[in-house]
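J.: could you work out the structure for the sequence below:
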Amino acid sequence: MSAAGTTPAGLLVVAKAAARAGADVLGERWADHHPAVPLTPGQLGADTKSSGSDWVTDYDRRAEDAVRRVLTAYRPQDEITGEEHGATVPAEPSGFRWSIDPLDGTTNFIRGLPQFCTSVAVWGPDARGEGRWLAGAVVAPGLGRTWYASADGGAFSTVDASTAGVHAPDRAEPVRLTGPVPGRSGRLLATGFGYQPERRRLQLAALEELLPGFGDVRRIGSAALDLCMVADGTLDAYAEFGTQEYDWAAGALVAEEAGVPVTRPASGDGAAHPDWMVAGDVDASALARARQAIA
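T.: The predicted model follows:
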């Protein structure tokens, strides 16, 4: 087993290194092509998944390869589940499993919007032998930001100009995250929408039930960043139906460790068993109505 160990702090070292490796691949998009010019499918080596809006690119695959190389080097006996390459289970698994999204916010990435990231998180037994999310990191190279957390260790964010497509000074000291400002007016709710028209119709009906408790809504285009922005107080809450585990695994831990109430989906498979991912102060009765609208 790697010298990084199995404590949340040790696993966080691995999570941050792996997420940074994936983000470094994504950062090439800024170096290779001006961000104001959307990339063509030919430039990206892109084909479609479920619809014309759901892209998989060479960047996705190379970023996941980079993440997996770091994880395998540190933790060769751990299971890995990734968006692009599926599940890898060693012959003698350790009981720890990594959930990775090499490029969350693919459409933003293609269009030159900076809200995209690499997300890495690990689930496994804690000191009491109970399974839980232990560490996670989200690196957004277009924003020059990193968010990270470990179980019972708090959540933090840094400015890292070396990953950014913008000029900004490094902030050497991490900022501890404490969630949204309580009682703030004009609260912002973040959400997202599926690619299929019928799923979107139901999500819009559910959103109508949630919005009366908020001043406005934002659709960032990355569930991981939505959750991190609730953790740092940029947004006040996030609620989305039908996301996959790799979308929320790291961001949900960051929000939770920032003191934000978090409700994870019952299943990690948001396609076969869609459910709600919720973070922040969302009225319970409104959420119940939203659940009913989308049932």
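J.: domains of the protein?
T.: 8-176, 188-294 (automatic domain parsing).
J.: lowest average pLDDT across those domains?
T.: Looking at these, the lowest mean pLDDT belongs to domain 8-176 (a mean of 87).
J.: for whichever strand or helix holds residue 278, packing partners?
T.: Element membership for residue 278, per DSSP states H and E: strand 276-280. Under the contact criterion of 3 or more C-beta pairs under 8 Å, 6 or more residues apart in numbering; DSSP states H and E, strand 276-280 touches helix 223-231, strand 237-241, helix 245-257, strand 262-263, helix 284-294. Where C-beta positions appear, they are placed from N, C-alpha and C, glycine not excepted.
J.: in CSV: those, plus mean neighbour count and distance to residue 11.
T.: Output for these, formatted as CSV (neighbours: other C-beta atoms under 10 Å; distance: least, C-beta to C-beta, whole Å):
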stretch, mean neighbour count, distance to residue 11
helix 223-231, 32, 18
strand 237-241, 26, 24
helix 245-257, 28, 11
strand 262-263, 18, 19
helix 284-294, 15, 32
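J.: out of the ones you listed, nearest to residue 150?
T.: Nearest to residue 150, of all these, is helix 245-257, at 7.3 Å by C-beta to C-beta.
J.: quick one on the thing from earlier: relative to residue 152, which of the helices and strands packed on strand 276-280 is closest?
T.: Of all these, helix 245-257 sits nearest to residue 152, with 7.8 Å by C-beta to C-beta.
J.: C-alpha coordinates for that closest one, PDB please?
T.: Only the C-alpha atoms of helix 245-257 are listed here, as PDB (Å, rounded to 0.1, in the frame of the first residue of the first chain):
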ATOM      1  CA  GLU A 245     -22.100   9.700  -8.700                       C
ATOM      2  CA  TYR A 246     -18.900  11.000 -10.400                       C
ATOM      3  CA  ASP A 247     -20.700  14.300 -10.900                       C
ATOM      4  CA  TRP A 248     -21.300  14.900  -7.200                       C
ATOM      5  CA  ALA A 249     -18.900  12.700  -5.300                       C
ATOM      6  CA  ALA A 250     -16.100  15.200  -4.600                       C
ATOM      7  CA  GLY A 251     -18.300  18.400  -4.600                       C
ATOM      8  CA  ALA A 252     -20.800  16.900  -2.100                       C
ATOM      9  CA  LEU A 253     -18.000  16.200   0.400                       C
ATOM     10  CA  VAL A 254     -16.600  19.700   0.000                       C
ATOM     11  CA  ALA A 255     -20.100  21.100   0.700                       C
ATOM     12  CA  GLU A 256     -20.700  18.800   3.600                       C
ATOM     13  CA  GLU A 257     -17.300  19.600   5.200                       C
END
